[in-house]
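Q: I would like to see how this sequence folds:
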Amino acid sequence: MEALAGVKELAGQRFKEGYNCAEAILRAFVEKLGLEVSDDALKMASGFGGGVGHAGCMCGALTAATMVLGLLEGRTSKEQSRGAIYESAGEFHKLFTEKFGTSCCRVLNPHPFETKEHLRNCLKITGNTAELLEKYLGQRMVK
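A: Sure thing, here's the model as predicted:
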């Protein structure tokens, strides 16, 4: 998907600027896709860093990738079908766990939060998740 060229690097740049993994993914895709998303809406990703507020649960990068899919395929009324977003979110979760072995933040990155090792590993996960989502979206748009 041509519009997303360089999204891996942009997500990494946003992470290096101080955004957490979820914020970096969401911001990078919103920027690259030219989506109109308010700053208030972008704030929703803030609590997902560190596996939901440093709880170490679901990876924030995966959570934000699911948010991006929701922006593209989600519904705005209860009358609309959930089929497309459930399908893509489930497929992407499977791809993520196949690539990384788990979706659990504390397993993906066992280093203490905010250490150099943790930040370095999280940067890799963030960039690789952005790249995985870019490829997934490219394949999904071809379907």
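
Q: do you know how far the residue lying closest to Thr102 once chain neighbours are set aside is from Gly50?
A: Leaving aside its chain neighbours, Thr102 sits nearest to Leu108 (6.0 Å; criterion: CB to CB, 6 or more residues apart in numbering). All C-beta atoms are positioned from the backbone trio N, CA, C, and that covers glycine. Separation of Leu108 from Gly50 (CB to CB, to the nearest Å): 11 Å.

Q: same thing with Pro110?
A: 13 Å.

Q: Which one's more surrounded, these two?
A: Gly50 (22 against 11; other CB atoms under 10 Å).

Q: Surely the more buried one and Glu23 touch.
A: No - taking contacts as CB atoms under 8 Å, Gly50 lies outside contact range of Glu23: 11.5 Å.

Q: residues of the helix or strand hosting Met67 that come out buried?
A: Using DSSP states H and E, Met67 sits within helix 60-73. Residues of helix 60-73 classed as buried under the neighbour-count rule (16 or more other CB atoms under 10 Å) are 60-69, 71-73.

Q: contacts for it?
A: Where contact means CB atoms under 8 Å, 6 or more residues apart in numbering, the residues beyond helix 60-73 that reach it are 20-26, 29-30, 33, 35, 37, 44-45, 48-52, 84-85, 88-89, 92-93, 96, 103, 105, 125-126, 129-130, 132-133, 137.

Q: Over to stretch 116-123?
A: The contact list for stretch 116-123 (CB under 8 Å, 6+ apart) reads 12, 15-16, 21, 108-109, 111-112.

Q: What of stretch 128-143?
A: Residues contacting stretch 128-143 (CB under 8 Å, 6+ apart): 1, 4, 7-8, 10-12, 21, 24-25, 28-29, 59, 61-62, 64-65, 68-69, 72, 88, 91-92, 95-96, 99-100.

Q: All set now, cheers.
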